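K.L.:
I would like the atomic coordinates for the input below:
(one chain, ligands or ions: 3)
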Amino acid sequence: MTSITLTRPDDWHLHLRDEDALLTTVPHTAARFARAIVMPNLKPPVTSLAAAQAYRDRILAARPTGSDFQPLMTLYLTDQLQPQEVVNAHKAGVVTAVKYYPAGATTNSDSGVTALENVFPVLEAMADAGIPLLVHGEVTDDHVDIFDREKEFIDRVLSRIIDRFPSLRVVMEHITTADAAAFVRDAGDNVAATLTPQHLMYNRNHLLVGGVRPHLYCLPVLKRNIHQRALLEAATSGHPRFFLGTDSAPHAQPTKETACGCAGCYSANAAIELYAEIFEDAGALDKLEGFASFYGADFYRLPRNTDTITLLKEDWTVPAAYDYLGTALVPLRAGETLRWRLALGTEAVS
Ligand SMILES: NC(=O)N[C@@H](CC(=O)O)C(=O)O
Ligand SMILES: [Zn+2]
Ligand SMILES: [Zn+2]
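P.N.:
Ligands and ions are numbered 1, 2, ... in the order given. Predicted coordinates for the structure are as follows:
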């Protein structure tokens, strides 16, 4: 096979950051994806309709000329967020979903939820209004080992949410364990998961054997190879509740390559190309379009895209770094060769 043409994909979990960072991040995503669910973990977080609207406008202004990329905005769930704010933001057509970060779980999550009961009224309003809840699924208790935090979250938090609000649609973001994949598969039609390229390509040996690789450090942290295999199995199974969410999360090089490095991998510059390689290696290229272009839209009850992108089987080298906020941004697979290249508009005529 020398090329693949896919219905244009969407990214259901993305960090674009803000202000000048958008000049780097938005063109990368807009070249590949029609839509993206934009995470609200800015400083300060996006917690109101007005803030979401203003952030959306800044993203739109950073699109390359002629791009019709659509950012789908989210609100950041805090103990204080009012149900009415969420319902209004959704009714106004500005906000698509609400993001739950347990306080302290990950980058910019200090304002997150401190106890599940605090957000029951919001979750109830969301269930009634049909607004999806997106979760960073890790507990934060000091005594829980970092490798067990996702499983504990499922047992202690996610199960409770789903039992109490059976009609609420929930996306477990960036799943990293066989436990999460099994939980989502066995759950009802209201529970789905996104999978990142890094959790499909790597396990914790890649992160730690032969020296620590700060650019592979993200949260939830990479797990053992048996989990990586289970995630690959889920992504390539054709199951409609597993779909694409890159979790592309830029951090400037000096904040990654330091004594206490930030969590997050940047993949927006080559996201669909990475997934194509992953699916091809798994012998499942025929499952890529459902995962990348159909199942997310279906779960969110949005129309599927109608235009296409083309990938050419042609080696190219991922840049060592991109310009970012006056410093550098090191992407996933920096300096390495990828097998699929995104065709430019003029090359894509089939
Ligand atoms: N995944 C990460 O390691 N980091 C994300 C936050 C998140 O998605 O948890 C970020 O915003 O940098
Ligand atoms: Zn997260
Ligand atoms: Zn994320």
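K.L.:
Okay, now the unreliable bits of this structure?
P.N.:
For the chain, the stretches flagged by pLDDT under 70 are 348-350.
K.L.:
So which residues make contact with the strand ranked longest in it?
P.N.:
The strand that spans the most residues within the chain, counting by DSSP state E, is strand 308-317. Applying CB atoms under 8 Å, 6 or more residues apart in numbering, the set of residues contacting strand 308-317 from outside is 1-9, 32, 272-273, 276, 335-343, 347-348, 350. The way it works is simple: take the backbone N, C-alpha and C, and place the C-beta from them, glycine included.
K.L.:
Restricted to helices, list these.
P.N.:
Those of the contacts of strand 308-317 mapping onto helices are Arg32, Ile272, Glu273, Ala276, per DSSP state H.
K.L.:
Just the buried residues out of those, in ChimeraX syntax.
P.N.:
A single ChimeraX command suffices to select whichever of those are buried according to 16 or more other CB atoms under 10 Å:
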select :32,272,273,276
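K.L.:
possible to save the ones in helices among the contacts of strand 308-317 as a markdown table with distance to Ile175?
P.N.:
Listed next are those as a markdown table, based on distance: CB to CB, whole Å:
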| residue | distance to Ile175 |
| --- | --- |
| Arg32 | 22 |
| Ile272 | 19 |
| Glu273 | 22 |
| Ala276 | 20 |
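K.L.:
Would you mind listing what in the stretch 51-200 of the chain touches ligand 1?
P.N.:
Thr106, Thr107, His136 (CB under 6 Å from any ligand atom).
K.L.:
Which one of those residues is nearest to Arg169?
P.N.:
Taking CB to CB as the measure, Arg169 lies nearest His136 of these, at 16.4 Å.
K.L.:
contacting residues for the closest one?
P.N.:
By CB under 8 Å, 6+ apart, the contact list for His136 reads Lys99, Tyr100, Tyr101, Pro102, Ala105, Thr106, Ser109, Glu173, His174, Leu219.
K.L.:
now, which of those lie close to ligand 2?
P.N.:
Among the contacts of His136, proximity to ligand 2 is found for Thr106 (CB under 5 Å from the ion).
K.L.:
where along the stretch 151-300 of the chain do the helices fall?
P.N.:
Secondary structure of the stretch 151-300 of the chain, counting by DSSP state H, counting those that start in this stretch: helices at 159-164, 178-186, 197-201, 204-208, 225-235, 253-256, 271-281, 288-289, 295-300.
K.L.:
Would the third one count as contacting ligand 2?
P.N.:
What it means is helix 197-201. No - if you take CB under 5 Å from the ion as the test, helix 197-201 misses ligand 2, and the best it gets is 11.5 Å.
K.L.:
Would you mind extracting the C-alpha trace of that helix into CSV?
P.N.:
Written as CSV, here are the backbone C-alpha positions of helix 197-201 (Å, rounded to 0.1, in the frame of the first residue of the first chain):
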residue,chain,number,x,y,z
PRO,A,197,0.1,7.5,20.7
GLN,A,198,2.6,7.4,23.5
HIS,A,199,0.7,4.8,25.5
LEU,A,200,0.3,2.7,22.4
MET,A,201,3.9,2.9,21.3
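K.L.:
What is that helix packed up against?
P.N.:
For helix 197-201, the elements it packs on are helix 225-235, helix 271-281, judged by 3 or more CB pairs under 8 Å, 6 or more residues apart in numbering; DSSP states H and E.
K.L.:
how about 6 Å then?
P.N.:
helix 225-235 (3 or more CB pairs under 6 Å, 6 or more residues apart in numbering; DSSP states H and E).
K.L.:
Does the helix it packs on pack against any helices or strands, and if so which?
P.N.:
Using 3+ CB pairs under 6 Å, 6+ apart: helix 225-235 touches helix 178-186, helix 197-201.
K.L.:
you'd agree Ile151 is up against Ala181?
P.N.:
Careful, residue 151 is Lys and not Ile. No - with contacts counted by CB atoms under 6 Å, Lys151 stays clear of Ala181, the gap being 11.5 Å.
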